[in-house]
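*Asks:* Sequence below, structure please.
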Amino acid sequence: MPVTLFLNLAVAPYCLSLGKGQQVLDERLKSPAQHYGENLIFDIRDILDAQKVSWSDIHKIFLITGPGNYSGLRISITTAKTIAALCPAKIVPLSTFEALATMLIRVQGLHFVIAPAIRGSLNVQLWVSDGKTGHFITHPFTVKLADLPERLAKFNTPVYLSGIFPQTLAEAPLPEQAILNPLALHFSPILDQDHRAPGHFLEKDYQQIFPQYPYSAVNTATMSK
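*Replies:* Below you'll find the predicted structure:
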């Protein structure tokens, strides 16, 4: 029975899932305090045993490649490569941003997709969705938490802060149009997507499709100070 494995040790809560076709067979979330990395290979064995499938049944591995926790990424990437070499299985790498974006595509608008960074900073990539498909419109960048309100204020329409962010973000003096949209990485939305690399809009194409989000404001939002 061909199955798909999903590994996220990039951002908490860590996630290990097993799927078949479009169905999630088993999904387990754990906190970093549970030493998930040290026990990952045993947890994979347990989830396979629980579903009565073998290692050789793994034909695809969705792997979150960051940004995120360095130790978690190192462990999950090494584990995925080892399994892929022995089974064999195909590794499908997904950035933290792309994986998070699969859960916000149905929410039309502009999204600051956020992943954890060093203290006082955020890893961010801007995505835009028409309610059916999503596209990134910037490359990933880092922004200081203290600078985020000023950058968001450049937009005169609602902006979603979507992703995994520190509690301090909820306490920040954000502009009125900023909407907090906390997410956690789960496997089912990723199974539902056809994972081709999303398009990066050229400025003229972007402005025609999404005139309500000025491209100049997007550029301003990504500029480092």
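*Asks:* Other residues contacting the longest helix seen in the chain?
*Replies:* The helix spanning the most residues in the chain, taking DSSP state H as the definition, is helix 70-86. Residues outside helix 70-86 that contact it (Cβ atoms under 8 Å, 6 or more residues apart in numbering): 5, 7-10, 14, 32, 36-37, 40-41, 44, 55, 58, 61, 63-66, 89-91. Heads up, the C-betas are built off the backbone N, CA and C, glycines and all.
*Asks:* Taking the residues you listed, please make a PyMOL selection of just the buried ones.
*Replies:* Selection of buried members from the contacts of helix 70-86 for PyMOL, criterion 16 or more other Cβ atoms under 10 Å:
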select buried, resi 5+7+8+9+10+14+36+37+40+44+58+61+63+64+65+66+89+91
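*Asks:* And Phe97, how far from Gly120?
*Replies:* 20 Å (Cβ to Cβ, to the nearest Å).
*Asks:* Not counting sequence-adjacent ones, nearest residue to Leu174?
*Replies:* Distances taken as Cβ to Cβ, 6 or more residues apart in numbering put Pro149 closest to Leu174, at 5.5 Å, once the chain neighbours are dropped.
*Asks:* my hunch is that that neighbour is in a helix, does that hold up?
*Replies:* Yes - checked against DSSP: H, G, I helix; E, B strand; the rest coil, Pro149 lies within a helix.
*Asks:* what's near enough to touch it?
*Replies:* 172-175, 178.
*Asks:* Among the residues you listed, name the ones in helices.
*Replies:* Among the contacts of Pro149, no residue falls in helices (DSSP H).
*Asks:* Let's have those residues in CSV, adding pLDDT.
*Replies:* Shown next, in CSV, are those (pLDDT from 0 to 100):
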residue, pLDDT
Ala172, 80
Pro173, 87
Leu174, 88
Pro175, 88
Ala178, 88
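*Asks:* possible to save those as TSV with distance to His111 and neighbour count?
*Replies:* As requested, those are exported to TSV (distance: Cβ to Cβ, whole Å; neighbours: other Cβ atoms under 10 Å):
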residue	distance to His111	neighbour count
Ala172	17	16
Pro173	20	8
Leu174	14	17
Pro175	15	15
Ala178	11	20
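*Asks:* what's the closest of those residues to Ile137?
*Replies:* Of all the contacts of Pro149, Ala178 has the smallest distance to Ile137: 17.5 Å, by Cβ to Cβ.
*Asks:* Distance check, Pro88 against Ile61.
*Replies:* 10 Å.
*Asks:* An error on my part: the question was meant for Gly21.
*Replies:* From Gly21 to Ile61 the distance is 16 Å (Cβ to Cβ).
*Asks:* returning to what we had before: in terms of neighbours, single out the busier of Phe97 and Gly120.
*Replies:* Set Phe97 next to Gly120 and count neighbours by other Cβ atoms under 10 Å: Phe97 wins out with 24 against 10.
*Asks:* isn't the more buried one right next to Ile137, touching?
*Replies:* No - contact between Phe97 and Ile137 fails when scored by Cβ atoms under 8 Å: they sit 11.7 Å apart.
*Asks:* what residues are shared contacts of the two?
*Replies:* Here Phe97 and Ile137 have Trp127 as joint contacts, going by Cβ under 8 Å, 6+ apart.
*Asks:* just checking, Leu94 touches Ile61?
*Replies:* No - counting by Cβ under 8 Å, Leu94 does not reach Ile61; the two are 10.5 Å apart.
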